[in-house]
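1. For reference, the sequence and a predicted model appear below.
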There are 6 protein chains.
Amino acid sequence: MFTTENLILRGFQDNDLGEILALRNDPLVQRTQTFSAIAPAPSSKYKEYMKTFAEGSALWFSLVHKESLNFIGFCCINLLEAKNRDARLGITIASEFWGKGYGTEATRFTVNHAFRYFGLQRISLDVTEGNARARAVYAKLGFKVEGIKRRGNWVDGHWEDIIYMGVLDDEWTEMYPEH
Amino acid sequence: MFTTENLILRGFQDNDLGEILALRNDPLVQRTQTFSAIAPAPSSKYKEYMKTFAEGSALWFSLVHKESLNFIGFCCINLLEAKNRDARLGITIASEFWGKGYGTEATRFTVNHAFRYFGLQRISLDVTEGNARARAVYAKLGFKVEGIKRRGNWVDGHWEDIIYMGVLDDEWTEMYPEH
Amino acid sequence: MFTTENLILRGFQDNDLGEILALRNDPLVQRTQTFSAIAPAPSSKYKEYMKTFAEGSALWFSLVHKESLNFIGFCCINLLEAKNRDARLGITIASEFWGKGYGTEATRFTVNHAFRYFGLQRISLDVTEGNARARAVYAKLGFKVEGIKRRGNWVDGHWEDIIYMGVLDDEWTEMYPEH
Amino acid sequence: MFTTENLILRGFQDNDLGEILALRNDPLVQRTQTFSAIAPAPSSKYKEYMKTFAEGSALWFSLVHKESLNFIGFCCINLLEAKNRDARLGITIASEFWGKGYGTEATRFTVNHAFRYFGLQRISLDVTEGNARARAVYAKLGFKVEGIKRRGNWVDGHWEDIIYMGVLDDEWTEMYPEH
Amino acid sequence: MFTTENLILRGFQDNDLGEILALRNDPLVQRTQTFSAIAPAPSSKYKEYMKTFAEGSALWFSLVHKESLNFIGFCCINLLEAKNRDARLGITIASEFWGKGYGTEATRFTVNHAFRYFGLQRISLDVTEGNARARAVYAKLGFKVEGIKRRGNWVDGHWEDIIYMGVLDDEWTEMYPEH
Amino acid sequence: MFTTENLILRGFQDNDLGEILALRNDPLVQRTQTFSAIAPAPSSKYKEYMKTFAEGSALWFSLVHKESLNFIGFCCINLLEAKNRDARLGITIASEFWGKGYGTEATRFTVNHAFRYFGLQRISLDVTEGNARARAVYAKLGFKVEGIKRRGNWVDGHWEDIIYMGVLDDEWTEMYPEH
């Protein structure tokens, strides 16, 4: 269990699944996920899927709000082909906790931890054009835009792009030398 | 069954698997594949994997050389999230048939066919920095570089980038109005 | 059930699993484990794993603090190839109980018991370079350094070695003739 | 498929299993394997085990003698914990092909390939004290003795040690700069 | 339900399992059991094992102390090959109830009952050399030593023998004509 | 694969099962087996049972007659509780090959091999009173009678005893110093 200024970052517990499902069924949250359509998830099937996903992540943090002890989301790292020492970052925060810097706080801690303990040389993510909040967080932390998948996502009656972002270990170390 | 100038493009047959395995075990061919390390594949396990993959592709062409009737490779289209009308292109040609334009010929036919018959709005692919031949083919046909995954691939003792490419249906139509 | 000066050493009980998970999720404790990255464990999956592991150990002691009756960790012996009469020792103590000699007390009792009742001729363990406390305990009890796996472990942003240690039955008997 | 001076190194094929079983049942060969007792293996069970093992190896080379086209053994690399970029090397050669340098030839190629294509930072192996031939091969190629597990193996009515060896990527590069 | 002077002998109940586990984890009791090493048993796994064992015994008596109504142990008969009309006797008594003749009382009743109701022609048991108390009980009741398995048991740092004992139905009838 | 003067001793193969079943269904052979009644075995069930048994044996030799290459039986070693370093020997020879010393030859080789390669300190077996031939073989090789289970076996309308035999590693070494 780890803590940052406002958050407790702890391991996955089966009883997080109810809140993970609630997150998923919030259209504001779904809008920020890249690929699938906005639609409520069938509950038990989705919970099984997420249990397998969380248990299979190299690093999964359930995010708990220090002050209220509310579960507010999760942040995770999934390894890609081992030889490439590359991983995918994912983060989801409940919409009622947006705008308070918690996403930045959790992402910074998680990326830092992944570089220090998993020996990665890069961390990758995809984010939709319409998710301006997340793009700002990733850019502020030092992720670089590596590409634009044109018309990669159909949402809300229009096309938008998908942005590829990534950060290398030496870039991270230079930005956060104390890490 | 379809034909182009030099090729017959037909459906997958189980007895293609011996030649698909031979392709896979050619280090020159493997070098062009993005993610996995260069290593010979275990025969029956790889054949099972490729049978499932080929049968699950939206569009699979086994490529046969018209003149010699040799199996020379395959070209396939795999659908991504349906609502995004996006798909991934893959092509593999036996190294002894490189440099004769067959890759270009097969790719052009396949992309054209995919736009006309599958209602796609874009086709995507990844290619390694070191695979100059393939990058030239895709560029010539009109695929645009959409991004660069820095240090995305470890091969032959060094890092190289992975190039993201894509082409949109209206771009294709403009280039190949007759299509 | 056995006792030493400060500890009760008893068999595994299913309801130890909550405390075993808590141990695992303490980064100070994880840092002392050789191979896996420091990351909180998914709760139910880890509990299943540890139940199977504990039940499959030739000798498992849940360590209970005599005075407070707190569960403070475990010490176990896992047999290797029978003909070699060799086994692996593992011990984990909650960080709030470090520095009081309990690890030494439990290890000494367990090794002694394993030699007397399991007919072993050697007991083996691995310990990371960075785990100075454990290395000191093992050395004090008479384990000999048998080797150094150079750069065997990536942790906290750097490489460290893994130390191989072992003790033979006749060495043990000579050191602890009364055993 | 790869070749060295005298050998073809190709992927695993199911029909190698008959010859892999024959290798295993040669007591001279078994004597060189570290842990299990010398005993003939039950045929179908052992073949199933080896099929799973070979298919699960990151790198498996079935070794074929160029001149006679005989299957003469195998050489393989099995990845350990990903973050440590460490792997275990295994090699087995039919006893009638010993003493011709084929083990050296295959090991050198395999280690070289593993460093170049799998991004490893070390390669590890265990060898018994009694297997002087293999120890000489590994030492000649540049593996360093990293430790000695005293009385680690019971064989032929006596105890012998198990030798831990390893080589680091920078050591390899310095020895084989052209690699 | 049966009674003897000091004991109630009743059938197995699931809630005996807690006390059967406690028995098993008493090192004094374990020392009297022939084959396995002295080590505390994992609780739920051992309970499942003993439930299956008790339910599969031809004759199982949970032994209850008449006066205090405490569960003090069990005595059981397990049939061997039916045609041989032979069975194995087992008995375990909590160490705090040793030395009061309860083992003799329970064994005599059980053996008698087994001959009368199960049509056996002999009853067999094994006992370790070090378990002098039990050997005396069996001898007093009329079991004959039938053999000595030399160095059959490793315990407490030394070898000891295992004693084979048995009694025939006609021997029993002669000793206990009223039975 | 090993050889003795007249025999090849090789590992278990699935296609031995037909001959193992034929052996079992020979009443002369069954008569020599200790416990079960003389009755033909149901073929596929018995084959499955023997496949599991053979594959689970620490050491299994299918015995092949060097001259005729006939399968003539098997000889096997099954480990008991590891800490006791004790094992059970079993041997079965087709009745048409009795009286030629093959049982002695196979047993001697197998016992010798088991002591040298499995680190055992004793080898145990049971033999029926009526099986004079086998008792003579075991006695000649140095097995000692350790006990007599009186009326242990019902066969052919009468009771006979079961003889417990065993040999210790130091006894064996003294008799066969060159082993």
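-> Ah, there it is.

2. Pick out the residue closest to the middle of chain A.
-> A:I91 (1.6 Å; Cα atoms, centre = their mean).

3. Bridged to it, which residues?
-> In this structure, A:I91 bridges to A:C75 when assessed by DSSP bridges.

4. hang on, it packs against A:I77?
-> No - between A:I91 and A:I77 there is no contact under Cβ atoms under 8 Å: 10.0 Å. Using the backbone N, CA and C atoms, a C-beta is placed for each residue, glycine as well.

5. what is in contact with those two at once?
-> A:T110 (Cβ atoms under 8 Å, 6 or more residues apart in numbering or on different chains).

6. how close does the residue lying farthest from the centre of chain A get to A:G130?
-> Distance from the C-alpha centroid of chain A, by Cα atoms, centre = their mean, peaks at A:G157 (25.2 Å). From A:G157 across to A:G130, the span is 12 Å (Cβ to Cβ, to the nearest Å).

7. A:D14 too?
-> 33 Å.

8. cool, and A:I72?
-> 22 Å.

9. Settle it for me: which of the two has more neighbours?
-> Ranked by neighbour count (other Cβ atoms under 10 Å in any protein chain shown), A:I72 and A:G130 place A:I72 first, with 25 against 16.

10. Phi, psi for the more buried one please.
-> Dihedral pair for A:I72: phi -120, psi 0, per degrees, to the nearest 10.

11. Please verify my assumption that it contacts A:A94.
-> Yes - contact criterion Cβ under 8 Å: A:I72 and A:A94 qualify, at 5.0 Å.

12. Any residue of the top helix by length along chain A touching chain C?
-> Ranked by residue count and defined by DSSP state H, the top helix of chain A is helix A:102-118. Yes - counting by Cβ under 8 Å from any Cβ of the partner chain, chain C has neighbours in helix A:102-118: A:H113, A:F115, A:R116, A:Y117, A:F118.

13. Secondary structure class of A:F61, three-state.
-> strand (DSSP: H, G, I helix; E, B strand; the rest coil).

14. which residues sit in contact with A:F74?
-> A:F12, A:D16, A:I20, A:A54, A:W60, A:F61, A:S62, A:L63, A:G90, A:I91, A:T92.

15. In terms of helices and strands, where is the third one?
-> Of the helices and strands defined by DSSP states H and E, A:I20 is found in helix A:17-24.

16. after that helix comes which helix or strand?
-> helix A:27-30.

17. List the contacts of that next one.
-> A:L23, A:R24, A:S36, A:I38, A:A39, A:T92, A:I93, A:A94, A:S95.

18. Wait, the second one touches A:K45, no?
-> No - under the criterion of Cβ under 8 Å, A:R24 lies out of contact with A:K45, with a separation of 11.5 Å.

19. Can you pull the residues of chain A lying near chain D?
-> A:L79, A:A82, A:K83, A:N84, A:R85, A:Y117, A:F118, A:G119.

20. Mind doing that once more with 6 Å?
-> Residues of chain A lying close to chain D (Cβ under 6 Å from any Cβ of the partner chain) are A:A82, A:K83, A:F118, A:G119.

21. Strands along chain A, start to end?
-> A:2-3, A:7-10, A:59-65, A:71-79, A:86-93, A:122-128, A:144-155, A:158-168 (DSSP state E).

22. got JSON lines for these, with mean pLDDT too?
-> Shown next, in JSON lines, are these (pLDDT from 0 to 100):
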{"stretch": "strand A:2-3", "mean pLDDT": "96"}
{"stretch": "strand A:7-10", "mean pLDDT": "97"}
{"stretch": "strand A:59-65", "mean pLDDT": "98"}
{"stretch": "strand A:71-79", "mean pLDDT": "97"}
{"stretch": "strand A:86-93", "mean pLDDT": "97"}
{"stretch": "strand A:122-128", "mean pLDDT": "96"}
{"stretch": "strand A:144-155", "mean pLDDT": "96"}
{"stretch": "strand A:158-168", "mean pLDDT": "97"}
